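A.B. asks: Compute the structure for the input listed below.
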Amino acid sequence: MSSDSSSSDPNLAAIRESFGRCVYTHKTHEKAREIASSYVAATKWVNILLTTATGGSILSTIITNQRALLYTSAAFAAATLAFGIFQLSFDPAGDVERHRTAAKKLWFVREKYINLLADMQGGLSHDEVVRRRDELMNEAGSLYEQAPDTSPRSYRRAQTALKVNEDMTFTDDEIDAFLPRSLRAKSR
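C.D. replies: Next comes the predicted model:
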């Protein structure tokens, strides 16, 4: 659809704008989840290393009975405890799940916007367009309120994914490969 046709219909322009915001928010939550997942994996490895170092130094202290190893063991134990408290205080694994949930719900709203745009081309009445637009805005607004905050880093990654890598965009040939022959664009 050309920009001229969307600018002449204020409902179409508003729906397209809301769809675009939903696409970006969805992808931003996906990227925030990826960042948080990497962070969770790194913290688990740090925890494993600190725990292993603590156990190893305690075992070495018992075997060798050296006072210096006792202090090293105490330092590792304190670091392990502090790191464990840090992990419990910030719940990075919970952040992963909250971003995953937000992204999944926003994906569904995004699909509803696509279907509304398609239905509008099919001649949906003005009142029906307004009703469905308002329902989608309320649904999206509720999701935005409940969703965890994202970061500029996750937004930049979403921007790259959408603009450069063209995530979630398909050529007609790619879509046709998934469809039965009777539904393919090239068979029409």
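
A.B. asks: contacts, neighbours, all on C-alpha from now
C.D. replies: Noted.

A.B. asks: So what's the residue count around Ala177?
C.D. replies: Each residue near Ala177 was counted by other Cα atoms under 10 Å, and the total is 10.

A.B. asks: Kindly report the same for Leu124.
C.D. replies: Leu124, neighbours per other Cα under 10 Å, totals 14.

A.B. asks: where does the protein have low pLDDT?
C.D. replies: Along the chain, the parts satisfying pLDDT under 70 run over 1-7, 179, 183, 186-188.

A.B. asks: try 90
C.D. replies: Residue ranges of the chain with pLDDT under 90: 1-13, 58-70, 84-93, 118, 120-124, 162-188.

A.B. asks: Just the helices from it, written as ranges.
C.D. replies: Ranges of helices in the chain, per DSSP state H, are 3-8, 10-64, 67-90, 92-121, 126-146, 152-159, 172-178.

A.B. asks: and of these, who's closest to Glu166?
C.D. replies: helix 152-159 (9.5 Å; Cα to Cα).

A.B. asks: which helices and strands does that closest one pack with?
C.D. replies: helix 10-64 (3 or more Cα pairs under 8 Å, 6 or more residues apart in numbering; DSSP states H and E).

A.B. asks: mind checking how far stretch 117-137 is from the chain centre?
C.D. replies: 28 Å (Cα atoms, centre = their mean, to the nearest Å).

A.B. asks: nope, stretch 47-61 is what I was after
C.D. replies: 36 Å.

A.B. asks: Same question for stretch 158-168.
C.D. replies: 13 Å.

A.B. asks: circling back: reformat the helices of the chain into a markdown table and put distance to Ala185 next to each item.
C.D. replies: What follows is these, written out as a markdown table (distance: least, Cα to Cα, whole Å):
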| stretch | distance to Ala185 |
| --- | --- |
| helix 3-8 | 23 |
| helix 10-64 | 23 |
| helix 67-90 | 49 |
| helix 92-121 | 15 |
| helix 126-146 | 26 |
| helix 152-159 | 29 |
| helix 172-178 | 7 |
